[in-house]
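> Show me how the following folds:
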Amino acid sequence: MNEVLRQEKKYLITIEDYYRLSHEFSKLLRLDAHSSSEGYVIRSLYFDSLEDVDWQEKEDGIELRRKIRLRNYGSQSSFAKLEMKQKQGSHQKKRSLRLTRADAQLLIKGDRSILLAYPDRFAAECYSRMSMQLYQPKTVIEYQRKAFVAKENNIRITFDHHIIGSETNVDIFSDHLPQNYLLDPYLVILEVKYNGFLLSYIKKLLESVNGSELSASKYCMGRAISKHYRF
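Just a heads-up that it's a prediction; the model follows:
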């Protein structure tokens with residue numbers, strides 16, 4: 001299991017600001033291990049209980065809440081990561097477990113027992129929660145990401161755009177996901193994650209952002225049709 005605990009801020013910015021900030025950050029930070037100059041694709045399948053407890057807690061602004069998702073890097077990925085994100089005040093804790101492609105596909109089909117084959121305690125925790133509350137696949141979100149990192153304070157800057165979703169096809173390994181845009185393609189979600197405090201030169205760049213801080217999650221955006229969510 002991998003575990004990360006960081007503060008997180010989100011902003012909705014224009015595509016023009018994205019190009020400008022991306023250029024500026026490229027002079028100061030390095031691209032993350034997955035990223036190229038064009039970025040990379042992320043797909044996330046979100047699970048929720050039969051009564052959509054995780055979605056409802058986000059809607060109600062509950063301080064301590066969580067979400068469970070299965071993430072890969074496109075239809076040809078050889079693996080997927082099962083992740084649990086928990087909001088704790090201004091911090092986000094993310095724990096993850098790497099699954100084989102075959103096991104991930106079984107989990108998508110509803111076979112939670114594959115988690116029992118993993119010795120990690122986090123796998124057992126996910127199995128218990130998903131089984132007791134009858135978690136089901138709810139929506140797939142796909143987007144293009146460009147990410148920059150700095151080792152100081154575990155800083156990570158990400159730009160997510162061309163965000164699409166599907167509540168009908170929930171197979172993150174599919175070559176035929178519906179292309180339903182969840183956000184105007186000329187808008188970008190900027191996420192800033194860090195421990196402790198932001199370095200001054202990063203804060204200065206962020207002060208130039210002509211965007212509003214964002215509270216909506218990609219999961220809620222992905223439930224737009226079935227939940228009549230308005231972004």
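
> quick one: the helices in this structure?
Taking DSSP state H to define them, one finds helices in the chain at 15-28, 53-59, 101-108, 121-132, 200-206, 218-222, 224-227.

> what stretches of this protein score poorly on pLDDT?
Scanning the chain for pLDDT under 70 picks out 211-212, 225-231.

> of the helices of the chain, which approaches G74 most closely?
helix 101-108 (11.8 Å; C-beta to C-beta). (C-beta placed from N, C-alpha, C; glycine too.)

> and that closest one, what other elements does it pack with?
Applying 3 or more C-beta pairs under 8 Å, 6 or more residues apart in numbering; DSSP states H and E, one finds that helix 101-108 contacts strand 64-72, strand 79-88.

> hmm, back to that, please identify the deepest-packed of the helices of the chain.
The highest average neighbour count among these, using mean count of other C-beta atoms under 10 Å, belongs to helix 218-222 at a mean of 22.

> So which elements touch that helix?
Checking 3+ C-beta pairs under 8 Å, 6+ apart, helix 218-222 ends up next to strand 40-48, helix 53-59, strand 136-150, strand 155-166.

> got JSON lines for the helices and strands packed on helix 101-108, with mean neighbour count and distance to Q179 too?
Below are these laid out as JSON lines (neighbours: other C-beta atoms under 10 Å; distance: least, C-beta to C-beta, whole Å):
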{"stretch": "strand 64-72", "mean neighbour count": "20", "distance to Q179": "18"}
{"stretch": "strand 79-88", "mean neighbour count": "19", "distance to Q179": "21"}
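
> Just put those in a markdown table and tack on distance to L31.
What follows is the helices and strands packed on helix 101-108, written out as a markdown table (distance: least, C-beta to C-beta, whole Å):
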| stretch | distance to L31 |
| --- | --- |
| strand 64-72 | 19 |
| strand 79-88 | 20 |
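
> Which of the helices and strands packed on helix 218-222 sits closest to R69?
Of these, nearest to R69 by C-beta to C-beta is strand 40-48, at 4.7 Å.
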